[in-house]
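K.L.:
what shape does this take:
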Amino acid sequence: MKRVLNFAAGPSAMPLPVLLKAQEQLVCYEDKGMSVMEMTHRSSMFEEILYSAQETLTKLLGIPENYKVLFLQGGGSTQFAMVPLNLLTGSGVADYVHTGQWSKKAIPEARKYGKVNVVASSEDKNFSYIPDLDPATFTKNADYFHIIYNNTIYGTRYYDIPDTGNVPLVADMSSCILSEPVDVSKFALIFAGAQKNIAPPGITIVIIREDLIGKEMDIAPTMLTYSVHAKNNSLYNTPPTFNIYMAKLVFDWLANDIGGLDEMKKITDAKAKLLYDYLDESKIFKGTARAKDRSKTNAPFVLPTEELNAKFIKEAEQNGLVNLAGHRTVGGMRASMYNAMPLEGVKALVDFMKKFEVENA
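P.N.:
Model (predicted):
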């Protein structure tokens, strides 16, 4: 059966070697006599998988020793509440930058537990850019400063990390984590839903500086406190064991097959350059994000009419290029080029776009 080129924003494509490895071990993991799906999370068998995943991720990202890696549930959206419940306990004020759909959800969630200062927004131009930040608008004693590092829907990302001084910087990296190296030490907390660049939906990675653990509000539910999960090494309750196993396979693939995040960055950059170079020269296709803020993993673009957009999406699918429809708030198309999308896949997309342009210009 021929596999399509899947440009979905999430759940997204996974590396073929990872899928084949999981297929090989599905019924019987190594010499354990059972599938990972059948293992109790309290067993040494599963703990080996969990610890290996944590260790490989730590090496890939160069996570400092004073950080904890947690495998949680509830998706990135649960972190919109978990972050303020655990961190908004000093001044009771947090700074947020509003750059799209996910900050639009995160801001009102945080306001349930304290005061939110929106220091900048790109809503005036449908979130097509990353706004300039004026430190004069920052809350000097804020409990944290929150950004969406890469905006999946609108195709923008930060290239300059905000300097927040002593204020802990929190970043949602769901749609770009592991696509390139990151200086984790510049962030107090990083979280990422797995379903884009890590694993099937079901787990959320949290990387948190240890000095921020244990400051939760009294009203914080047990399952929404970082200290509980850190103390129990992500095993307070039954975790999504198979999803953690799949994440481990992805981490192993990045470390061993790809050669680490420096090598992954070269691939990420090459894919983004290939598509954006064509968008910049095309007479009918147009990128919607400001050039200097373009995401390397999510590229929205449009044609002159809705009819052409619909025709392109339909014909692309007929040619094995699927899930290219853009989000309803942007329209048009979006190509998500996560780690599992090979450079050859983006080349196939660009070749099809060139052919479509010739036929429809």
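K.L.:
isn't Leu324 up against Phe7?
P.N.:
Yes. Counting by C-beta atoms under 8 Å, Leu324 touches Phe7, with 5.2 Å between them. C-beta: built from backbone N, CA, C; applies to glycine.
K.L.:
mind listing the shared neighbours of those two?
P.N.:
Applying C-beta atoms under 8 Å, 6 or more residues apart in numbering, one finds that Leu324 and Phe7 are jointly contacted by 334-335, 349.
K.L.:
mind listing what's buried in whichever helix in the chain runs longest?
P.N.:
Longest helix of the chain, by residue count under DSSP state H: helix 261-281. The neighbour-count check on helix 261-281 (16 or more other C-beta atoms under 10 Å) flags 261, 264, 267-268, 271-272, 275-276, 278-279 as buried.
K.L.:
which phi and psi does Leu70 have?
P.N.:
Backbone torsions for Leu70, taken as degrees, to the nearest 10, come to phi -120, psi 140.
K.L.:
then the one 10 residues further on?
P.N.:
Note on Phe80: backbone dihedrals following degrees, to the nearest 10 are phi -60, psi -30.
K.L.:
the stretch 1-150 of the chain: helices as residue ranges?
P.N.:
16-25, 44-61, 75-87, 101-111 (DSSP state H, counting those that start in this stretch).
K.L.:
typed the wrong thing, it's the stretch 201-350 of the chain
P.N.:
226-231, 241-252, 261-281, 306-318, 343-360.
K.L.:
name the stretch among those that sits most buried.
P.N.:
Greatest average neighbour count among the helices of the stretch 201-350 of the chain goes to helix 241-252 (a mean of 22), per mean count of other C-beta atoms under 10 Å.
K.L.:
so what touches it?
P.N.:
By C-beta under 8 Å, 6+ apart, helix 241-252 touches 14-15, 18, 21-22, 29, 36-37, 39, 41, 46, 49-50, 52-53, 56-57, 60, 71, 178, 194, 197-203, 205, 339.
K.L.:
tell me the angle of that helix relative to helix 44-61?
P.N.:
Interaxial angle, helix 241-252 versus helix 44-61 (axes from the mean of the first three to the mean of the last three C-alpha atoms, to 10 degrees): 40 degrees.
K.L.:
send over helix 241-252 as CSV, restricted to the C-alpha atoms.
P.N.:
The C-alpha coordinates for helix 241-252 follow below in CSV (Å, rounded to 0.1, in the frame of the first residue of the first chain):
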residue,chain,number,x,y,z
THR,A,241,2.5,4.0,28.2
PHE,A,242,2.4,3.2,24.5
ASN,A,243,2.6,6.9,23.6
ILE,A,244,5.7,7.3,25.8
TYR,A,245,7.2,4.3,24.1
MET,A,246,6.5,5.9,20.7
ALA,A,247,8.1,9.1,21.9
LYS,A,248,11.2,7.0,22.9
LEU,A,249,11.4,5.6,19.4
VAL,A,250,11.2,9.1,17.9
PHE,A,251,13.9,10.3,20.2
ASP,A,252,16.1,7.3,19.3
